[in-house]
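*Asks:* Fold the following and give me the result.
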Amino acid sequence: MSAESFEVRPDGGSIVDDAIAAYGEDTIFWNVDTQYDFMRPDGKLPVGEGNGAEDIEDALAEVTEIAREKDIRVVNTADHHNQDSAEFSEDPDFQETFPPHCLADSEGAEYVPATQPENPLELDWRDEADWSKVMNHEGDFVLYKDAFDVFAGEPESPHAEDLVETLDPDRAVVYGVATDVCVDYAIEGLMDQGVEVYVVEDATKGIDPEASKDSIQKWSENGATIGSTDGLSDYLESDGL
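*Replies:* This next block holds a predicted model:
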């Protein structure tokens with residue numbers, strides 16, 4: 001759908017008939033859940049076998065710097081839970097349920113400095129999205145979710161698919177945590193929407209090393225490019241960026 005077909009209600013609210021217009025972005029960066037509770041060893045649910053992911057923060061900072069230098073917008077996903085989230089359990093199995101983490105508006109839900117969004121427009125899973133604001137926004141985006149899978153849809157994560165359709169990127173550079181859970185879902189969702197994916201492997205970290213290796217192999221087999229921060233600029237320059 002072209003931008004010409006974008007219509008807004010007279011009151012400036014939602015798009016008529018839920019139509020979604022396209023920016024036609026060539027490239028977006030997709031930052032997955034680089035939040036304090038996951039990234040730091042004293043967080044509520046640190047990845048890296050419970051040690052956090054501080055060792056990838058230099059790589060994350062480099063990726064963020066490249067996005068800024070090349071004026072590429074970043075879509076940032078974030079767990080943003082209520083106390084009654086279905087993920088939470090007093091007796092978690094660490095597969096489908098986990099201890100409380102990334103509570104909405106808590107310090108643990110904040111991004112680490114290496115990936116702080118720039119002029120972000122927040123799309124909260126609890127609220128309807130105002131797509132007129134999305135169409136006019138020139139900065140980054142934050143997709144709040146109450147699910148592992150940012151593309152899960154209603155009610156836990158209703159906006160990701162429409163945002164990708166709106167931005168209409170040819171390719172996405174993906175990084176963050178956790179490799180074997182939320183990054184995995186993000187890459188599958190992007191590829192399902194026909195987006196070419198470049199994974200910055202040294203800017204990702206998983207919960208379980210073996211499961212993370214399996215995820216990376218699966219992405220490669222499904223057509224994703226498995227790369228690194230060192231190769232990112234060359235990858236972008238292959239399309240003139």
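*Asks:* Quick one: neighbours of Gly48, just the number.
*Replies:* Gly48 is flanked by 22 other residues according to other CB atoms under 10 Å. Backbone N, C-alpha and C define where each C-beta goes, glycine included.
*Asks:* Please report phi then psi for Leu123.
*Replies:* Main-chain dihedrals, Leu123, degrees, to the nearest 10: phi -120, psi 100.
*Asks:* Leaving aside the residues adjacent along the chain, what's closest to it?
*Replies:* His159 (4.5 Å; CB to CB, 6 or more residues apart in numbering).
*Asks:* what's the neighbour count on the one you found?
*Replies:* There are 24 residues near His159, going by other CB under 10 Å.
*Asks:* mind checking how far it is from Val134?
*Replies:* 9 Å (CB to CB, to the nearest Å).
*Asks:* so what sits against both of those two?
*Replies:* Leu123 (CB atoms under 8 Å, 6 or more residues apart in numbering).
*Asks:* need the next SSE after the lowest-mean-pLDDT helix or strand in the chain, C-terminal direction.
*Replies:* In the chain, the helix or strand scored least confidently by mean pLDDT, DSSP states H and E is helix 131-136, which has a mean of 84. Under the assignment DSSP states H and E, the closest C-terminal helix or strand after helix 131-136 is strand 141-145.
*Asks:* what's the offset of that next one from the middle of its chain?
*Replies:* 7 Å (CA atoms, centre = their mean, to the nearest Å).
*Asks:* where in this structure is pLDDT low?
*Replies:* 1-24, 240-241 (pLDDT under 70).
*Asks:* Next, count neighbours for Asp26.
*Replies:* Neighbours of Asp26 using other CB under 10 Å come to 14.
*Asks:* would you put the C-alpha positions of the longest strand seen in the chain in PDB?
*Replies:* Counting by DSSP state E, the longest strand found in the chain is strand 196-205. Once non-C-alpha atoms are left out, strand 196-205 reads as follows in PDB (Å, rounded to 0.1, in the frame of the first residue of the first chain):
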ATOM      1  CA  GLU A 196      16.000 -10.000   4.400                       C
ATOM      2  CA  VAL A 197      17.900 -10.500   7.800                       C
ATOM      3  CA  TYR A 198      21.500  -9.800   8.800                       C
ATOM      4  CA  VAL A 199      22.300 -11.100  12.200                       C
ATOM      5  CA  VAL A 200      25.100  -9.400  14.100                       C
ATOM      6  CA  GLU A 201      26.200 -12.500  15.900                       C
ATOM      7  CA  ASP A 202      28.800 -10.900  18.200                       C
ATOM      8  CA  ALA A 203      26.000  -8.500  19.300                       C
ATOM      9  CA  THR A 204      23.700 -11.300  20.400                       C
ATOM     10  CA  LYS A 205      23.700 -13.500  23.500                       C
END
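*Asks:* Go ahead and confirm Val75 touches Ile28.
*Replies:* Yes. In this structure, Val75 is within contact of Ile28 by CB atoms under 8 Å, at 5.7 Å.
*Asks:* Between the two, which contacts overlap?
*Replies:* With CB under 8 Å, 6+ apart, Val75 and Ile28 have common neighbours 167, 172.
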